[in-house]
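Colleague: Provide a 3D model corresponding to the input given below.
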Amino acid sequence: MKSKIVLWGKDSNDTKSLIALQLNPEESKIDTWVFSGALATEELGNQLLFDWRDDKKGFEFPEGFQKFETELTVAGTILPEGFTVDKPDLIQRAQTEWHFMVLSSKLNASYQSELEELEERIFKLEGYSSKLWEDLKIFWGKVSEQMRERNLFRDHSIALKERTNALFTKLKELRSSLDAEFKAQAEATYNRFSARLGDVEERVAKNINLYNVFEELKEIQRDLKTAKLTKDLRNDIWKRLDHIFKSVKEKRFGNTNPTDRLSRRYDGLMQAIKKMENSIGRDREDLEFQHKKINSAYTGQLETQIRQAKTKMIEERISSKQAKLDEMYKTKVELEEKTAKAKARQEADAKRAAKKEADAAARKAEAAAKEAAKAAEVVAPPVVETPEAPVEVKSEEVKTETPTPEAPTEEKSE
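Modeller: Reported below is the predicted structural model:
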């Protein structure tokens, strides 16, 4: 919550104006500076937003402004009469928050006064007083409850905490003899946590039921927040716990690789919806709690006013969150429709790809068959037949002797 706001608006003559408002919570009043006409420049607007509102040194208002002082009320407007702003919702929100700031400042002043009385009594002590220790614990219990419910601002809470811690420190100095007992208890608590973490580390190393291990680590984390430990021992346990958390997360989620963008968006949206629903549920429980406290006979007038202011803030917060949740529901429906269409397209693409692949395989087979048939039709080049030359068969001639007639023998006569 800021005690300063800067808005664009108009005066009663519809003249463009820069309007700067600042709450004075101690007096429950609002100081308003109006810069109209030629003074209402973008440059001045930026200076008011980033220098004046953030309390930067060296900034001074230019001459020619109008200044107003108004009482902060729940029902009336915080703007000077005759002025309007471009964003009335911001004025309404500031009025609600500033009313809470005033009541919170009064509560802080009440606690500061009570703390002064405790300081005076404690610093007069010469020895440890269990009675004052209990009184201080009761006081801090009241302050802590208001801090948990955020009924005190951070700077007020820190101041009260520091002053209270100083008193506790003073009492602890007087109670130094009990320190050894506390350290012994802290050591025992540390050993119990260390044993639990050792068992968990062993199961993580063996990858045994990592989901249950993760849940057990969260339980150890919750227990550690309320455990009585020294600072060094607590830091040591936190470091080991953090290391084991990282190891388990790496083993459980390190290899996940979602393939569908819409599916990732949908899963993330569902987680966000669940968180928002839980947040609204907690706000409604808080609202119911505030109503019970308001109606309680033990609630004082100032606390009742604070709770009424806080009730209004919670109601506005619920309204804002509900609007965001409704948008999430619309987005959920849109993503479901897109996912259905994407799956249909994916299935159609898969069918087309399968058909294309089958057609390609068929064409390839057909082409291969044609090539085989063509290869079968191809013959050797034709051989030109030449008439065979007659083969002369040489047969062995059989000669037959033809008998020649003997020449007549001349007979000689003696």
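Colleague: what are the boundaries of the strands in the protein?
Modeller: Ranges of strands in the chain, per DSSP state E, are 4-10, 16-24, 29-36, 66-71, 84-85.
Colleague: tell me the strands beside the shortest one, with direction?
Modeller: This points to strand 84-85. strand 4-10 (antiparallel) (DSSP bridges).
Colleague: average pLDDT across the partner strand?
Modeller: Model confidence over strand 4-10, given as mean pLDDT, is 91.
Colleague: what does stretch 139-155 rub up against?
Modeller: If you take C-beta atoms under 8 Å, 6 or more residues apart in numbering as the criterion, stretch 139-155 is touched by 1, 101, 104-105, 107-108, 111, 114-115, 118, 157, 160-161, 164, 168, 306, 310. Where C-beta positions appear, they are placed from N, C-alpha and C, glycine not excepted.
Colleague: buried residues in that stretch?
Modeller: By neighbour count on 16 or more other C-beta atoms under 10 Å, the buried set for stretch 139-155 is 139, 140, 143, 144, 146, 147, 151, 152, 153.
Colleague: same check, this time on stretch 52-66
Modeller: Within stretch 52-66, the residues scored as buried using 16+ other C-beta under 10 Å are 52, 53, 65.
Colleague: quick check, nearest of these to residue 213?
Modeller: For the buried residues of stretch 52-66, the residue nearest residue 213 by C-beta to C-beta is residue 53; the value is 48.6 Å.
Colleague: so what's that closest one closest to, chain neighbours aside?
Modeller: Closest residue in space to residue 53, ignoring its immediate chain neighbours: residue 4 at 4.6 Å, by C-beta to C-beta, 6 or more residues apart in numbering.
Colleague: on that earlier part again, of the buried residues of stretch 139-155, closest to residue 361?
Modeller: Among these, residue 147 lies closest to residue 361 (C-beta to C-beta), at 74.0 Å.
Colleague: got the domain ranges for the chain?
Modeller: Structurally, the chain divides into domains by automatic domain parsing as follows: 4-86, 101-174, 178-257, 264-351.
Colleague: thought residue 342 was touching residue 262?
Modeller: Yes: between residue 342 and residue 262 there is a contact under C-beta atoms under 8 Å: 5.7 Å.
Colleague: how far away is the residue sitting nearest the centre point of the chain from residue 252?
Modeller: In the chain, the centroid-proximal residue (C-alpha atoms, centre = their mean) is residue 272; its distance is 8.7 Å. Between residue 272 and residue 252 the computed distance is 21 Å (C-beta to C-beta, to the nearest Å).
Colleague: no further queries at this time; thank you.
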